[in-house]
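> Here is my input, please return the structure:
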Amino acid sequence: MSANVAHIWRHPIKSHGREEISEAFLTEGKCLPWDRVWAVAHERSCFDVERPSWQPPNEFSRGAKSPRLQAITVYVDERLGKLTLSHPDCVDITIDPNDQGGANLLVQWVMPISNGARMLPSRLVRAAQPMTDTDFQSISIINLASHREIEGKVGKPLSPNRWRANIHVDGWEPWAEKDMIGKRLRIGDAELEIREEITRCMATTVNTETGERDADTLGTLNKTFGHQEMGVYAVVVNSGRIRQQDTVEVLS
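Below is the predicted model:
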């Protein structure tokens, strides 16, 4: 059975919504378009708006600390540059994230679904480099067979969206991705090089429909599989278009 792209997802605001897309053009050395372009800095963040640059995840509001954020979905209007955000406990909002008024509205909107016992959201920010969890521009990939292995051990259905990956691959053997570090993939017209595994956090314990913690994904990974990794980070080394159902070929 050959491997293929089952899903492509982008997350325009880090930890604040996901959108499935059917295709994307990948540019060498760049993230998936519209992915992690913005982030929500919390009240104690050291993000410098005068000299904006990539910052590590702990500078921002995240699903690991505020689980209800995991239930946000988003629709991108690329023509108008606007985002529509939805959550089961909130009224939908549409904002221009580059407009200060829209940025302020987003912070107000997300406040009630943020964990009050943690650092609260303060401002919507962006930098030249998207706010991925890596200090290089990465695209995250998960193996759906590995996901199903975890699902089986947890003992109930789990959405693959818990892992907040960009590309879901179907057709690999479980955990095959762990042996692909340093190898290249051809997906559609693009080529990617796999750089490192993804160490997982508490966000993956959250149901992406309800925003409630309901599965011990981290305990399952550590106790059953002996590690806390799920998925890999890759970088685009040759530009090209990728589409759902494209074949995923391991080159070397």
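> Assumed K223 was part of a strand.
No - counting by DSSP: H, G, I helix; E, B strand; the rest coil, K223 is not part of a strand but helix.
> That one - how many residues pack around it?
The burial count assigned to K223 is 10, neighbours taken as other C-beta atoms under 10 Å. For every residue, glycine as well, the C-beta is placed using N, CA and C.
> again with G240
The burial count for G240: 17, using other C-beta under 10 Å.
> so what's it bridging to?
For G240, the beta-bridge partners are L26 (DSSP bridges).
> my guess is it meets F25, correct?
Yes - assessed by C-beta atoms under 8 Å, G240 is found in contact with F25 at 7.3 Å.
> what mean pLDDT does stretch 20-40 have?
Mean pLDDT, computed over stretch 20-40, is 98.
> gap between stretch 163-171 and the chain center?
With C-alpha atoms, centre = their mean, to the nearest Å as the basis, stretch 163-171 stands 10 Å off its chain's centre.
> Give me the contacts around that stretch.
1-11, 15, 18, 32, 35, 63, 139-145, 147, 160, 177, 187, 198, 200, 203-204, 230-231, 242, 248 (C-beta atoms under 8 Å, 6 or more residues apart in numbering).
> Repeat the analysis, applying 6 Å as the threshold.
For stretch 163-171, contacts defined as C-beta atoms under 6 Å, 6 or more residues apart in numbering pick out 1-4, 6-9, 32, 139-144, 160, 230-231, 248.
> which of those residues count as buried?
Buried members of the contacts of stretch 163-171, scored by 16 or more other C-beta atoms under 10 Å, are 3-4, 6-9, 32, 139-144, 160, 230-231, 248.
> In helices only, show me those.
L144 (DSSP state H).
> Would you map the helices across the stretch 51-200 of the chain?
100-110, 144-154 (DSSP state H, counting those that start in this stretch).
> Tell me which of these is the most buried.
helix 144-154 (a mean of 18; mean count of other C-beta atoms under 10 Å).
> packing partners for it?
With contacts taken as 3 or more C-beta pairs under 6 Å, 6 or more residues apart in numbering; DSSP states H and E, helix 144-154 sits against helix 217-220.
> Could you count how many residues lie near P130?
P130 has 23 neighbours, counted by other C-beta under 10 Å.
> Same check on M111?
Quick note: M111 (other C-beta under 10 Å) scores 11 neighbours.
> residues contacting it?
Contacts for M111 (C-beta under 6 Å, 6+ apart) come out as none.
> likewise the one 4 residues further on?
By C-beta under 6 Å, 6+ apart, the residues touching N115 are K65, S66.
> so what pLDDT did it get?
In this model, N115 is scored at 93, pLDDT.
> which residues are in contact with stretch 31-41?
For stretch 31-41, contacts defined as C-beta under 6 Å, 6+ apart pick out 10-14, 24, 47, 60-61, 76, 97, 121-126, 130-132, 137, 139, 166.
> For T134, which non-adjacent residue is spatially closest?
Spatial nearest neighbour of T134, chain neighbours left out: Y233 (5.4 Å); criterion: C-beta to C-beta, 6 or more residues apart in numbering.
> what about the one you found, neighbour count?
For Y233, using other C-beta under 10 Å, the count is 23.
> Against A3, how distant is it?
18 Å (C-beta to C-beta, to the nearest Å).
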